[in-house]
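Chemist: Sequence plus predicted model, see below.
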Amino acid sequence: MRNTLLSLLPDPRRVTRRFVDGPCGTMALLVILLLGGTSCYKNDLDVAELTNNPFDADYSGAAIFSFEEVVNEAQPVPPGGTAQYVVFRVNSALFLENTSYQVKVRDLVTGDEDLVGQVPVGSDVLRYQRDTVQFGAGEVCLELRLSNNLSYGRAETLCGPLQ
Amino acid sequence: MSTRKNFIGISMRACACVLLCSSASAQSTGKLRLLVDPGHDFAFVLDGKHRMQSRELDLLEGNHRLQIWAPTRTIVDTTVYVRGGSTRELLIRLPFSPEYRAHEEELRKFRGRLVLQKALPTVVTVGAGAWTLAAYLKYAKAGKQLDTDEELYRTSADPAEIAELKYQSIPEHQDDFKKANTMLIISGSVFALAAAGTIWSYLRAGNAPAPTFDDKERVRFDGLVWVPSADGHGTWLAGLTLPLR
């Protein structure tokens, strides 16, 4: 019985020779080339893990803004008076690509909002001029967001002492 | 008495004359032109004695037996009367032999099996290969799109663009990638199965011997002729078909 079954199988050497020489070999070679020539892609892009771009509203990295100082400047031209600036720094080293930007500022004391640009261009030290000047021992708090094309990134709150 | 002798003499002369005349008329030859289909390789046996391959014959006047044969055809046995001093055309189409008809049918079936065993699986494999290639190109495009999305996230400084990318584009592209990946797995599996089936089919088809034609009419035709040998005894010819591989 065993011999009968074995006799049904083709001669391995003959099969190998045919396989290598014949169209089967060509086909197998094509299959190997096709499989070998392909590169695999991974679907390992996790949206929840994309949080390292400071312009992302879901940014979860280090603080982007740092308080510098509050500056009171006398206005030389009429009507005169004093202008109050809150100076803060943008940590552009956190940016994944070098880029220009604006900062959306909301004064948490007065509720005023403004969009502050880089002056001069490329500067990372920005000045926000308060509409309502306050003096004394209090502090000023701002909500800051990186901005471009009228859309805004993560909000950070920055507080500093008044002058 | 002399009159009787003269009569007998005249009668004998007349008989001799008739005999001579009839002998002279029997010796006159005519031409026989053979127009045979197939015209290139037919042979014939003339009057049961001479095996020949000729398109034109000079024959004595009278009936002649012709047994005409060609490979794959059946022997046609016919008698033709050749008139002296004239040319006669014999138009004959040799019919295919029943063995050849059977062989043709067998060959047709064999080729059909070959088509079924080789061409069909090959076509299926090529089709599956094309499908796999198309699926891979789509998969690669979807994969590259995700890479592009990741790069765009890295380079973008537009919060709105980033939000759209994260909550709309990337999920859509991930869905596309997942579908493309599934399609690639399916098509790749079909392709692998088809390729394996084709290889197996080729091996199987390679083992089957092609049918060979055994021309029995040729054996019969060869047996019709007696060819004298050098010692005058002669031999009967017979044919045998050996399939050469």
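Modeler: Yes, it's here.
Chemist: how about the strands of the chain, start to end?
Modeler: I'll assume chain A. Listed in chain order, the strands found in chain A under DSSP state E are A:65-74, A:82-90, A:102-107, A:113-117, A:125-130, A:139-148, A:151-161.
Chemist: wrong chain, I was asking about chain B
Modeler: All strands of chain B, identified by DSSP E, fall at B:29-37, B:43-46, B:50-52, B:56-60, B:62-69, B:76-82, B:87-93, B:226-227, B:235-236.
Chemist: Out of these, which one sits most buried?
Modeler: By mean neighbour count, with neighbours taken as mean count of other CB atoms under 10 Å in any protein chain shown, strand B:43-46 ranks first of the strands of chain B at a mean of 20. Every C-beta, even on glycine, is put in place using the N, C-alpha and C of the backbone.
Chemist: Now do B:Arg73 against B:Gly129, distance only.
Modeler: In this view, B:Arg73 and B:Gly129 are 46 Å apart by CB to CB, to the nearest Å.
Chemist: Between the two, point out the one with more neighbours.
Modeler: B:Arg73 (23 against 20; other CB atoms under 10 Å in any protein chain shown).
Chemist: Would you mind listing the buried residues in stretch B:170-182?
Modeler: Residues of stretch B:170-182 classed as buried by neighbour count (16 or more other CB atoms under 10 Å in any protein chain shown): B:Ile170, B:His173, B:Gln174, B:Asp176, B:Phe177, B:Ala180, B:Asn181.
Chemist: pLDDT (mean, whole number) over that stretch?
Modeler: Mean pLDDT, stretch B:170-182: 94.
Chemist: swap in stretch B:138-146?
Modeler: On average, stretch B:138-146 scores 93.
Chemist: which stretch in the strands of chain B is the model least sure about?
Modeler: strand B:235-236 (a mean of 54).
Chemist: Give me the spatial nearest neighbour of whichever residue of chain A sits closest to chain B, chain neighbours excluded.
Modeler: Closest residue of chain A to chain B, CB to the nearest CB: A:Tyr41 (2.6 Å). In space, and not counting its chain neighbours, A:Tyr41 is closest to B:Gly143: 2.6 Å by CB to CB, 6 or more residues apart in numbering or on different chains.
Chemist: What's the separation between that neighbour and A:Lys42?
Modeler: 8 Å.
Chemist: How about B:Gly223?
Modeler: From B:Gly223 to A:Lys42 the distance is 79 Å (CB to CB).
Chemist: My read is that B:Asp158 contacts A:Ser151, right?
Modeler: Yes - with contact defined as CB atoms under 8 Å, B:Asp158 counts as touching A:Ser151 (6.3 Å).
Chemist: Isn't A:Asn91 up against A:Tyr101?
Modeler: No - taking contacts as CB under 8 Å, A:Asn91 lies outside contact range of A:Tyr101: 11.8 Å.
Chemist: out of these two, which sits in the more crowded spot?
Modeler: Higher neighbour count among A:Asn91 and A:Tyr101: A:Tyr101, with 22 against 14, using other CB under 10 Å.
Chemist: Tell me the spacing between the more buried one and A:Leu94.
Modeler: Applying CB to CB to A:Tyr101 and A:Leu94 gives a distance of 12 Å.
Chemist: and if you look at B:Glu161?
Modeler: Taking CB to CB, one finds B:Glu161 at 18 Å from A:Leu94.
Chemist: Now A:Phe67: closest residue in space, sequence neighbours ignored.
Modeler: A:Gly160 (4.0 Å).
Chemist: What about the one you found, how many residues nearby?
Modeler: By other CB under 10 Å, the residues close to A:Gly160 number 17.
Chemist: show me the contacts for residue 64.
Modeler: By default, I'm working from chain A. Going by CB atoms under 8 Å, 6 or more residues apart in numbering or on different chains, A:Ile64 touches A:Pro54, A:Val90, A:Asn91, A:Leu94, A:Leu144, A:Leu146, A:Gly153, A:Arg154, A:Glu156.
Chemist: meant chain B actually
Modeler: B:Leu32, B:Leu46, B:Asp47, B:Thr79, B:Val80, B:Tyr81, B:Val82.
Chemist: my guess is the first one meets B:Ser54, correct?
Modeler: I take that to be B:Leu32. No - with contacts counted by CB under 8 Å, B:Leu32 stays clear of B:Ser54, the gap being 9.5 Å.
Chemist: excluding its backbone neighbours, what's nearest A:Gly122?
Modeler: Closest residue in space to A:Gly122, ignoring its immediate chain neighbours: A:Ser100 at 7.7 Å, by CB to CB, 6+ apart.
Chemist: circling back to that earlier point, so between B:Gly143 and A:Lys42, which is more surrounded?
Modeler: When neighbours are counted by other CB under 10 Å, B:Gly143 comes out ahead of the other of B:Gly143 and A:Lys42, with 21 against 10.
Chemist: and the gap between the more buried one and B:Ala163?
Modeler: 23 Å.
Chemist: and the residue in chain B that chain A sits nearest to, what is it in contact with?
Modeler: Distances between chain B and chain A by CB to the nearest CB are smallest at B:Gly143, namely 2.6 Å. By CB under 8 Å, 6+ apart, the residues touching B:Gly143 are A:Tyr41, A:Lys42, A:Asn43, B:Phe177, B:Ala180.
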